[in-house]
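[1] Provided below for reference: sequence and predicted model.
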Protein chains: 2
Amino acid sequence: MPASNILANIRIVLIQTSHPGNIGSAARAMKTMGLSELYLVNPKSFPDEQAVTMSSNATDILDNATVVDTLQDALKDCHLVVGTSARHERSLAWDILEPRGCSEALVKQAQKGKVAVIFGRENSGLSNDELALCQHLVHIPTNTEYSSLNLASAVQIISYECRIASQLDVKVVEGEVEEVATADAMESYFKHLETAMVESAFLDPENPKHLMTRLRRLYGRAKVTPSELNILRGMLVAFQKKK
Amino acid sequence: MPASNILANIRIVLIQTSHPGNIGSAARAMKTMGLSELYLVNPKSFPDEQAVTMSSNATDILDNATVVDTLQDALKDCHLVVGTSARHERSLAWDILEPRGCSEALVKQAQKGKVAVIFGRENSGLSNDELALCQHLVHIPTNTEYSSLNLASAVQIISYECRIASQLDVKVVEGEVEEVATADAMESYFKHLETAMVESAFLDPENPKHLMTRLRRLYGRAKVTPSELNILRGMLVAFQKKK
């Protein structure tokens, strides 16, 4: 299943959002990561101009958002339901997951059908009745002294982790593999460098210390490309010619 | 080293931020993840009431922010410099990292000293001159059809990944950490190298092409140690003296 179809099956559910701007920011955050399905349970104001403004052209997500009266209505067709929690619900018998493990579980299940991640109210999170509808809880690790994560930031992090998880199988390698100069070409360069260093009296052939070894390591780490090697050799020739 | 000390060594650098509200949101995002060091290169307006409003009480980060005139000033004491890029700089020989691998590298190096992550302008990102100061680029994977990631959201994701990386099993993160020359020391070397190349007529100051940029990238990738830098500088002096 392509990553985009998996992400389309991951529903973001926002409960009783107070600030319509947050709905817009959440839509933007979702869309940057390829998520598209937004459910709003009893939003204070929606549709709302502020949501549009904050969505930064992710208006398709807002236009297609589904507004429902109860959380149950938002979850009917979902095969996995995860609630976000700012607290550690230690006293309760939930699996509390980290965003990474949680997103892997969501992506796995989303290959079969709809899954949902629930975000609670800006100030009070999810109620116990709402938590009871979740199979897992996810906790975004934050600074213990300052855990004031914005609603849209929480949506951003979970959406980001879902995107990453959806691409794990696809194994996208960003950028092309750099061509690296051959071992032979590098050997020629090192000989050339050694000659120039001896000529300039920087390297004493009677007492070479570990100079060449150290330079080999340095250039070895850099993984010099053929065109870079041309520059290095040209520069060396120029230094040698210098009167 | 405790995770909190590692995170304190990770500097966030924002270049010419247009909207002071974004500086506040970025400070909030940093603080939720335990980062604290903010540098601002030529912000349009700072301090600013909007930054305070959007920081949601992360005002200590704003109060302690350092405002500088040039990017170099923000990087002087940094041992690893990573630039964020919305584009794929395919044509150039940079290491382009995913946020996860990038954060592991940052956290590893931050055990020895300061490291920096640079975020460009809201609309135009980083200039080529600014990119030239980076050892790595990091690209946050986004929806190819909608990559409109808010500045603070980008800061949030990188800060989040740094927090996660800082808490990984010490075995993953620790291990041998090479000391790396500071950005300032590397700048001095690049100036020295440029002078020597001009003297030897290898570099035509009237037509420099991309020579210095390419050499910066090469040595940036290598992560030169202070003792290796001594060798490179000594060799250059010897080449220059050669009659």
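    Yep, it's here.
[2] pop the domain breakdown of chain A in here.
    A:3-168, A:183-241 (automatic domain parsing).
[3] and the last one, what's its mean pLDDT?
    The predicted model assigns domain A:183-241 a mean pLDDT of 90.
[4] any idea how far that domain is from the chain center?
    40 Å (C-alpha atoms, centre = their mean, to the nearest Å).
[5] and if you look at the longest one?
    Taking the mean of its C-alpha atoms, domain A:3-168 sits 16 Å from the chain's own mean (C-alpha atoms, centre = their mean).
[6] that domain: end-to-end distance?
    9 Å (C-alpha to C-alpha, to the nearest Å).
[7] and that domain, is it in reach of chain B?
    Yes. For domain A:3-168 and chain B, the contact criterion (C-beta under 8 Å from any C-beta of the partner chain) is met by A:25, A:28-29, A:31-34, A:56-58, A:98, A:100, A:140-143, A:146-150, A:152-153, A:156-157, A:160, A:163-164, A:167. Every residue, glycine included, has its C-beta placed from N, CA and C.
[8] in TSV, list the domains of chain A along with mean neighbour count.
    Formatted as TSV, those follow (neighbours: other C-beta atoms under 10 Å in any protein chain shown):
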stretch	mean neighbour count
domain A:3-168	20
domain A:183-241	15
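[9] turn those domains into CSV, columns for distance to B:Pro226.
    Shown next, in CSV, are those (distance: least, C-beta to C-beta, whole Å):
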stretch, distance to B:Pro226
domain A:3-168, 33
domain A:183-241, 12
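[10] and B:Tyr39, which of those is closest to it?
    domain A:3-168 (19.7 Å; C-beta to C-beta).
[11] grab the nearest non-local neighbour of A:Gln72.
    Using C-beta to C-beta, 6 or more residues apart in numbering or on different chains and skipping residues adjacent in sequence, the residue nearest A:Gln72 is A:Leu133, 7.0 Å away.
[12] the helices in chain A, which residues?
    A:3-8, A:20-32, A:49-55, A:59-63, A:71-75, A:99-110, A:128-131, A:151-168, A:183-199, A:211-222, A:226-241 (DSSP state H).
[13] residues contacting the spatially most central residue of chain A?
    Central residue of chain A (C-alpha atoms, centre = their mean): A:Tyr160, 4.6 Å from the mean position. Residues in contact with A:Tyr160, defined by C-beta atoms under 8 Å, 6 or more residues apart in numbering or on different chains, are A:33, B:140, B:157, B:160.
[14] any idea how far B:Ile164 is from it?
    Remark: distance between A:Tyr160 and B:Ile164 (C-beta to C-beta, to the nearest Å) = 12 Å.
[15] go on, A:Arg214?
    35 Å.
[16] shaky segments in chain A?
    Along chain A, the parts satisfying pLDDT under 70 run over A:87-95, A:169-178, A:242-243.
[17] how does it look with 50?
    A:91, A:170-177 (pLDDT under 50).
[18] for A:Leu149, list the residues it contacts.
    A:Leu149 neighbours (C-beta under 8 Å, 6+ apart): A:86, A:140, A:142, B:32.
[19] and if we set it to 6 Å?
    Neighbour list for A:Leu149: A:142, B:32 [criterion: C-beta atoms under 6 Å, 6 or more residues apart in numbering or on different chains].
[20] quick one, phi psi at it?
    phi -80, psi 120 (degrees, to the nearest 10).
[21] would you mind measuring from it to A:Leu232?
    Distance from A:Leu149 to A:Leu232, by C-beta to C-beta: 48 Å.
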